[in-house]
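1. A predicted structure for the sequence below; I have some questions about it.
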Amino acid sequence: MKKLLLPVLMLAVLSSCNTDGDNTVINSPDINYSKLPQEFPFTKMVTLNGVDVINGGFGSGAAAHPTRKGEFYVITDRGPNTDYLNGKKFLTPNFTPTIMHFKINADGNIEVIKYIKLKNPSGMPITGLPNPVGMGSTGEVAYDASGNILGTDNYGLDSESIVAAADGTFWVSDEYGPHIVHYSADGMELERISPVGVNTGPRKLPAVLAKRRANRGMEGLALTPDGRTLVGTIQSMMYVPSKALATNTTLTRIVTFDTVTGQTKQFLYRQDGGASDSVCDITALSNTEFLVIERDGNFGSQGGIKKVYRINLANATDVTGSDMNAVDGMKVNGKALEQCSWDELTNVGIKSVSKTLAVDLVAKLGYEHDKFEGIVYLGNNKLAVFNDDDFGVVDDGNGNPKAKILPKTGKVDKGTMYVVDIQ
């Protein structure tokens, strides 16, 4: 087995405190997190317009191995892309969303154990291309790097977060459908759970979730410590009932899915920012308490917001309503929840999830990455932090790639792992 080594940065900045709930230490205290930071070791996939596209992207979501101390999984999204016309240019159209399994050795280096490519139910590698109409389409059109229209993929995924279950399988959240997809240990699709009205399996998510905005679907996913309930975060305000009528830009939703019964619940989450900000990954502290990411799209060294909040669902109101088939979901005074102010919702007794700041990465660490997207709770008030490097490229404003440069260092952004103490 070829070993790829990566020292990990330990940045312990906040005082520890007591945490209610499950404090199981996933990672042994003798694991060495103290080495200076290094970038993940990447190779070049392709060069376009003189710009190298790297085989990066690991950090859109992250999870700890459920039993092996010091082992982790990180996942890519749909692949390197740029904005173009009414969709995206897929710079490497045959890219397969991939899980990287690695471990932290006693010397503090990272050893890549294996890469797991996601596959359809027949065992063929999927792509990150959009789903067709009726199967989770967001309306985005896929183009190649030259601007030619590409097709769709029935099993395509814009993967954003990953859960590693005790039985060796994976649950992955997606921004298309939005879907929650169950994969085998070797990455083959076992089940695809989607909103009512999307043509997939028999177990469903509430129909209203299909009104997620393009590229802002189910961004985070966690599994409760009892191994039973998946908890997903929608990235930003949804367009319910429509883009024109959705006005509460700080309202987004958390959805839970009971893996045994298939029952779902929804809760409201109040963002600090607005419709352009993101609620990203989520990691469990207990069966009701979690850590979630809130961030904007700016680099940390240029005033970006990169925060982690401790939230609790215990006293929040389930806003699924009486009919999960309702395309606009539960209504208050004849209006969709996204049309209501927080005062209107409070007046009818609806409570959002509680939240308190756990760590501000910019204030405490000088965190410079823009896409802070992966977190794993390690126990003992320690949190692993990952960034999405966008495969080293961004849009040049004309649909072509240019190197994604960190303004603080002048270097190309690459995936990095940090460990921080939280409040």
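-> Here it is on my side, so go on.

2. how about the helices in this structure?
-> With helices called from DSSP state H, the chain shows them at 342-347, 361-365.

3. which one of those has the lowest average pLDDT?
-> Per-stretch mean pLDDT for the helices of the chain is lowest at helix 361-365 (a mean of 92).

4. Check which helices and strands that one sits against.
-> strand 306-312, strand 417-421 (3 or more Cβ pairs under 8 Å, 6 or more residues apart in numbering; DSSP states H and E). Yep, even glycine has a C-beta here, placed from its N, CA and C like the rest.

5. so how far is residue 53 from residue 47?
-> Per Cβ to Cβ, to the nearest Å, residue 47 is found 7 Å from residue 53.

6. Looking at these two, which one has more neighbours?
-> residue 53 (22 against 10; other Cβ atoms under 10 Å).

7. Make sure that one is actually in contact with residue 46.
-> Yes: if you go by Cβ atoms under 8 Å, residue 53 and residue 46 touch, sitting 5.0 Å apart.

8. Now stretch 98-111: buried residues?
-> 98, 99, 100, 101, 102, 103, 104, 108, 109, 110, 111 (16 or more other Cβ atoms under 10 Å).

9. chain center to it, what's the gap?
-> 20 Å (Cα atoms, centre = their mean, to the nearest Å).

10. leaving aside the residues next to it on the chain, what's closest to residue 113?
-> Once flanking residues are discounted, residue 113 sits nearest to residue 101: 4.5 Å by Cβ to Cβ, 6 or more residues apart in numbering.

11. returning to what we had before: take the helices and strands packed on helix 361-365 and lay them out in a markdown table including distance to residue 130 and mean pLDDT.
-> Formatted as a markdown table, the helices and strands packed on helix 361-365 follow (distance: least, Cβ to Cβ, whole Å; pLDDT from 0 to 100):
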| stretch | distance to residue 130 | mean pLDDT |
| --- | --- | --- |
| strand 306-312 | 29 | 98 |
| strand 417-421 | 30 | 91 |
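
12. Can I get those in TSV including mean neighbour count and distance to residue 62?
-> Shown next, in TSV, are the helices and strands packed on helix 361-365 (neighbours: other Cβ atoms under 10 Å; distance: least, Cβ to Cβ, whole Å):
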stretch	mean neighbour count	distance to residue 62
strand 306-312	22	13
strand 417-421	22	8
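
13. can you put those in CSV and add distance to residue 32?
-> Below are the helices and strands packed on helix 361-365 laid out as CSV (distance: least, Cβ to Cβ, whole Å):
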stretch, distance to residue 32
strand 306-312, 23
strand 417-421, 11
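
14. What residues of stretch 353-367 count as buried?
-> Buried-residue list, stretch 353-367, by 16+ other Cβ under 10 Å: 353, 355, 358, 359, 360, 361, 362, 364, 365, 367.

15. Same check on stretch 231-244?
-> For stretch 231-244, using 16+ other Cβ under 10 Å, the buried residues are 231, 232, 233, 234, 235, 236, 237, 238, 239, 240, 241.

16. out of these, who's nearest residue 283?
-> residue 231 (9.6 Å; Cβ to Cβ).

17. which residues sit in contact with that closest one?
-> By Cβ atoms under 8 Å, 6 or more residues apart in numbering, residue 231 lies in contact with 221, 222, 223, 224, 254, 255, 256, 282, 284, 290, 313.

18. what bridges to the second one?
-> Residues in a beta bridge with residue 222, per DSSP bridges, are residue 231.

19. quick one: it from residue 284, how far?
-> For residue 222 relative to residue 284 (Cβ to Cβ), the value is 5 Å.

20. Could you do the last one as well?
-> With the distance defined as Cβ to Cβ, residue 313 ends up 11 Å from residue 284.

21. Report the set of residues contacting both of the two.
-> 231, 290.

22. one step back: tell me, what's touching residue 222 and residue 284 both at once?
-> Joint contacts of residue 222 and residue 284 (Cβ under 8 Å, 6+ apart) are 231, 290.

23. These two: which has the busier surroundings?
-> residue 222 (29 against 21).

24. just so I know, which of the helices and strands packed on helix 361-365 lies nearest residue 399?
-> Here strand 306-312 is closest among the helices and strands packed on helix 361-365 (Cβ to Cβ), at 27.7 Å.

25. Strands - which of the buried residues of stretch 231-244 land there?
-> 231, 232, 233, 234 (DSSP state E).

26. out of the residues you listed, who's nearest residue 125?
-> Nearest member of these to residue 125, counting by Cβ to Cβ, is residue 232, at 24.5 Å.

27. thinking that closest one is in contact with residue 254, fair?
-> Yes: using Cβ under 8 Å, residue 232 makes contact with residue 254 at a distance of 7.0 Å.

28. tell me, what's touching these two both at once?
-> residue 282.

29. circling back: could the buried residues of stretch 98-111 be laid out in a markdown table, adding distance to residue 176 and pLDDT?
-> What follows is the buried residues of stretch 98-111, written out as a markdown table (distance: Cβ to Cβ, whole Å; pLDDT from 0 to 100):
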| residue | distance to residue 176 | pLDDT |
| --- | --- | --- |
| 98 | 17 | 98 |
| 99 | 18 | 98 |
| 100 | 22 | 96 |
| 101 | 24 | 96 |
| 102 | 27 | 92 |
| 103 | 31 | 87 |
| 104 | 33 | 84 |
| 108 | 38 | 80 |
| 109 | 36 | 82 |
| 110 | 30 | 80 |
| 111 | 33 | 85 |
